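Novice: based on what follows, work out the 3D shape:
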Amino acid sequence: MATAAEIWRDYVTDGVPSSGSHPPRKVDIRNWGVKLDRVRDRLQSAITYYVSLSGSDTNSGSIGSPFRTVGRAVTEVYNTADIGQVQVTIKIADGTYDEAVRLAGTPPFANVNSNAFPIRIEGNTTDWKAVKIRQGVYAYGGAKAQVYGVSFEPSAAGQWGIYVTGKGSLIQCGKLNFGAMSGGADHLMATDGGSFHVTDTYTINGGALNHYHVTEGSHGRVDAMVVQIETASLNFSGQFAGVASSDLFVIGVSFAGAGLASVTGRTYLAHLNGVIRTGVETRNIFPGNVSGVEQAGGRLEYNSVFSANLGGGSPITITAGGWTLIPFDTLDLERGDDFNVVNYSWTPRGGRIIIKGQVTFDNVPAGDQIGIAIYKNGFEFHATMDVSPGKYKTVAIELDYEESQGASSFQVYVYCEGAGSRSIISTPSWTFFQGQQL
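Specialist: Numbers count the residues shown, from 1 in each chain. The predicted model follows:
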């Protein structure tokens, strides 16, 4: 394209339209005008663009001349501003904006080394339900932004709240509200190397496929806080927290509110080597009425392990002629908070488990049948039988099993033929119940 000096090279004498034989062509003038339109303003300090339902997308975006849509403000940032080291804030007035806000890559010339979040989208940080973005905020291709003070209440199925995808993409957020989402949509989603980081409290007033969903080499982090579930009977049709080939960090996070007790759905799914970091041994972290599952290498913080015994001391007495539950009420090892010393049962998380039981009988009549069994949910599941030699006799059982749902309870029962009472030696090395989640 011709330069300015070339286009107007014959305009050398004041008051004379042209001093030579090269008058400017209209096409050159138009092209030069387009080039001028593309010159970007280099920002020297932080700037704010304003969005209001009373505005127009033909306005300038100033406080007195706001844009009508958030998307128009985003376009202004990407197409006209040389951000450098400063942050651009898009300030949204109260109201409902039925649009999807899409952030594609880093704005040109933004220095992400010194400006971690070139764009901040900010609604009402006092009453964050007052600013509704119906169709969610999406970050792609390395985009980094802050999102605070908005509510996500979709107008149709398949609309997410926060959706982050692509290596390096990151949304930092807080003071949000999540409404009901359908059509396989999640409240907070990171996939294919993207990340979300929640730094400030928020509320939940609707269900979704997942509340947290982190997949395919991505990262989710929620700082220590209490999340309020305000609406009753919310359902998460996948699970509340789903992690696959990724990690979710929720150390110090807890949930409260009037709707907490009535949340339905599976609490979590950690699979395909996904890891959920909670900082505590219990698995009762997330809301829901169905136990969480760990499979295909997935893990919720600590694996479930225990070793229980009868506490030593005098032998215990059982009644012959049927199966009797052994009261393993003393723990010498437990991790995962999954063993119940009241009903002597272990309820491991989903995944591969190993269960071992051993019982030593004392002076059962010679020739009588004796046995040990692992019961699952109150019914005989796996048993081993033997014959008493008329003196001490140890029977043992081991089960290598894939527990699919993480909701089954296991106990140890023993059997003695005949009638009357029999004795079980309570020494921990002779009689014990152990389990481990692999």
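Novice: CA atoms only: put stretch 346-360 into PDB for me.
Specialist: What follows is stretch 346-360, C-alpha atoms only, in PDB (Å, rounded to 0.1, in the frame of the first residue of the first chain):
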ATOM      1  CA  TRP A 346     -16.000 -50.800  55.900                       C
ATOM      2  CA  THR A 347     -17.500 -48.700  53.100                       C
ATOM      3  CA  PRO A 348     -14.600 -48.100  50.600                       C
ATOM      4  CA  ARG A 349     -14.700 -45.700  47.700                       C
ATOM      5  CA  GLY A 350     -15.300 -47.000  44.200                       C
ATOM      6  CA  GLY A 351     -12.300 -48.800  42.600                       C
ATOM      7  CA  ARG A 352     -10.200 -51.800  43.200                       C
ATOM      8  CA  ILE A 353     -10.000 -53.000  46.800                       C
ATOM      9  CA  ILE A 354      -8.400 -55.700  48.800                       C
ATOM     10  CA  ILE A 355     -10.200 -57.100  51.900                       C
ATOM     11  CA  LYS A 356      -8.600 -59.500  54.400                       C
ATOM     12  CA  GLY A 357     -10.200 -61.200  57.300                       C
ATOM     13  CA  GLN A 358      -8.700 -63.700  59.800                       C
ATOM     14  CA  VAL A 359     -10.300 -65.400  62.800                       C
ATOM     15  CA  THR A 360      -8.800 -67.900  65.300                       C
END
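Novice: model confidence over that stretch, on average?
Specialist: Here stretch 346-360 scores 91 as its mean pLDDT.
Novice: ok, stretch 121-141 next?
Specialist: Per-residue pLDDT over stretch 121-141 has a mean of 97.
Novice: what's the first-to-last distance across it?
Specialist: 18 Å (C-alpha to C-alpha, to the nearest Å).
Novice: buried residues in it?
Specialist: 121-124, 128-140 (16 or more other C-beta atoms under 10 Å). C-betas here are computed from N, CA, C, even on glycine.
Novice: again with stretch 370-386
Specialist: 370, 371, 372, 373, 374, 375, 376, 381, 382, 383, 386.
Novice: same check on stretch 233-244?
Specialist: For stretch 233-244, by 16+ other C-beta under 10 Å, it's 234, 236, 238, 239, 240, 241, 242, 243, 244.
Novice: again with stretch 259-274
Specialist: Quick answer for stretch 259-274 (16+ other C-beta under 10 Å): 259, 260, 263, 265, 266, 267, 268, 269, 270, 271, 274.
Novice: keep only those of those that are in strands.
Specialist: Those of these mapping onto strands are 268, 269, 270, 271, per DSSP state E.
Novice: can you list those residues in a markdown table and add pLDDT and distance to residue 147?
Specialist: Output for these, formatted as a markdown table (pLDDT from 0 to 100; distance: C-beta to C-beta, whole Å):
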| residue | pLDDT | distance to residue 147 |
| --- | --- | --- |
| 268 | 94 | 25 |
| 269 | 94 | 26 |
| 270 | 94 | 26 |
| 271 | 91 | 28 |
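Novice: make JSON lines from those residues and add distance to residue 365 to it.
Specialist: Formatted as JSON lines, those follow (distance: C-beta to C-beta, whole Å):
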{"residue": "268", "distance to residue 365": "51"}
{"residue": "269", "distance to residue 365": "51"}
{"residue": "270", "distance to residue 365": "50"}
{"residue": "271", "distance to residue 365": "51"}
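Novice: ok, now which ones touch the residue sitting nearest the centre point of the chain?
Specialist: Central residue of the chain (C-alpha atoms, centre = their mean): residue 212, 2.9 Å from the mean position. The contact partners of residue 212, taken as C-beta atoms under 8 Å, 6 or more residues apart in numbering, are 186, 187, 188, 220, 222, 240, 241, 242, 243, 248, 250.
Novice: pLDDT value on it, please?
Specialist: So residue 212 comes in at 98 (pLDDT).
Novice: and what of residue 309?
Specialist: 96.
Novice: I'd say it and residue 433 touch.
Specialist: Yes. Under the criterion of C-beta atoms under 8 Å, residue 309 makes contact with residue 433 at 7.4 Å.
Novice: which among the buried residues of stretch 370-386 gets closest to residue 292?
Specialist: residue 376 (18.5 Å; C-beta to C-beta).
Novice: now residue 317: how far from residue 327?
Specialist: 11 Å (C-beta to C-beta, to the nearest Å).
Novice: so for the two, which residue has more residues nearby?
Specialist: For residue 317 versus residue 327, the count of surrounding residues by other C-beta atoms under 10 Å is larger for residue 327: 19 against 12.
Novice: contacts only, for that one.
Specialist: Contacts of residue 327 (C-beta under 8 Å, 6+ apart): 310, 316, 344.
Novice: who wins on neighbours among those?
Specialist: residue 310 (23 neighbours).
Novice: for that one, phi and psi?
Specialist: Main-chain dihedrals, residue 310, degrees, to the nearest 10: phi -100, psi 0.
Novice: for the nearest residue to it once chain neighbours are set aside, give me its contacts.
Specialist: Distances taken as C-beta to C-beta, 6 or more residues apart in numbering place residue 426 nearest to residue 310, at 3.7 Å, with adjacent residues excluded. Going by C-beta under 8 Å, 6+ apart, residue 426 touches 309, 310, 311, 312, 313, 314, 315, 316.
Novice: and if you look at residue 361?
Specialist: Counted by C-beta under 8 Å, 6+ apart, residue 361 has contacts 370, 388, 392, 393, 394, 395, 414, 416, 422, 423, 424, 425.
Novice: for residue 174, grab the count of nearby residues.
Specialist: Counted with other C-beta under 10 Å, residues neighbouring residue 174 total 19.
Novice: okay, helices next: where are they in the chain?
Specialist: 4-7, 26-37, 70-80 (DSSP state H).
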